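>>> make a model of this:
(chains A, B, C and D)
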2 protein chains.
Amino acid sequence: MSTIIENEGDCRDEHQHVEASEPADLLVCERTANIFRALGDVNRLRLLSLLAHREMCVTELTLVLRDNLPAISQRLKLLRAERLVRTRRQGKHVFYRLADSHIAELIANGLAHGEELD
Amino acid sequence: MSTIIENEGDCRDEHQHVEASEPADLLVCERTANIFRALGDVNRLRLLSLLAHREMCVTELTLVLRDNLPAISQRLKLLRAERLVRTRRQGKHVFYRLADSHIAELIANGLAHGEELD
DNA sequence: TTAACACTTGACCAATCCATCAACTGACGC
DNA sequence: GCGTCAGTTGATGGATTGGTCAAGTGTTAA
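Residues are numbered from 1 along each chain as shown, chains lettered A, B, ... in the order given. Next up, the predicted model:
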């Protein structure tokens, strides 16, 4: 008999004590997954990493990212729908910024982890 | 003339100074986006939130999540490919745990943000 | 060596995502 | 009013994803 107890019968027997899984967590997971999904696209993340530095208008973003305006706008639309960014209109321009400091942290943490790989 | 200087001409004139965009960041963004994408699915995130507490084998995960084994295994396969989880075989069982503390933090931060919404 | 348990894998299909483009709105100057 | 710049929106279509299932591998006990 080894130190590792590995006996007969279905392994389910050992896991009978299925603790009444927290039902609230499901909602939290859904909302959190939605946020992560929004962050899980290179082009959207590049947008956000720029906005992490400072507020920028759409035209400026298209110049820095060298992409066309409707494409950028569609991505921003999704980020807005997920409440990751906020907007402010100033004359003809619409300025975008990160929604709050939590989002900024999340992005910073993610990028920090992405920097130290392989 | 208002306090907001909004004059004639293309707005690109004001953004000529397109700072030589950091090329390294693109790679970082790609890798980071991949991580976020892996986190951006409810079922996968539920798996990870369980593994954040403790190491668990696949059968135990299927019991807690009340899902079929191949489905869980497929999700774990993807998480393994993205290096978010590590495995350890013990007899017939394969135990999964989060890859490192960075991942654990990222998940914790995300869930914390998901908890405080609306 | 056979059987049973604990997974993993490949393949197929439905759903979902993302880029593109044309058409639209909104603000300003003339 | 009209035109122009700045940006948004809806629709379309191709690519990617995620669930499901049958068949596979690995380990252990008998």
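>>> report the buried residues of stretch A:36-53.
A:36-42, A:44-51 (16 or more other Cβ atoms under 10 Å in any protein chain shown). Placement of C-beta: from N, CA and C, glycine included.
>>> that one vs chain B: in contact?
Yes: with Cβ under 8 Å from any Cβ of the partner chain as the criterion, chain B is reached by stretch A:36-53 at A:F36, A:R37, A:A38, A:L39, A:G40, A:D41, A:V42, A:R44, A:L45, A:R46, A:S49.
>>> contacts only, for the closest residue to the fourth one other than its chain neighbours.
Counting by Cβ to Cβ, 6 or more residues apart in numbering or on different chains, the nearest residue to A:L39 once its immediate chain neighbours are dropped is B:F36, at 4.0 Å. When the contact criterion is Cβ atoms under 8 Å, 6 or more residues apart in numbering or on different chains, the partners of B:F36 are A:F36, A:R37, A:L39, A:G40, A:L45, A:G110.
>>> please apply the same query to A:R46.
A:L65, B:D25, B:L26, B:C29.
>>> how about the third one, nearest residue that isn't a chain neighbour?
Ranked by Cβ to Cβ, 6+ apart and with sequence neighbours excluded, the top spatial neighbour of B:L26 is A:R46, at 7.3 Å.
>>> that older thread, from the buried residues of stretch A:36-53, which land in helices?
The helices, defined by DSSP state H, take in A:36-39, A:42, A:44-51 from those.
>>> now do the helices in chain A.
Using DSSP H, the helices of chain A run over residues A:24-39, A:42-51, A:58-65, A:69-81, A:101-115.
>>> can you check the pLDDT for the closest residue to A:A38 other than its chain neighbours?
In space, A:A38 comes closest to A:E82 once its chain neighbours are excluded; the distance is 4.2 Å by Cβ to Cβ, 6+ apart. On pLDDT, A:E82 comes in at 97.
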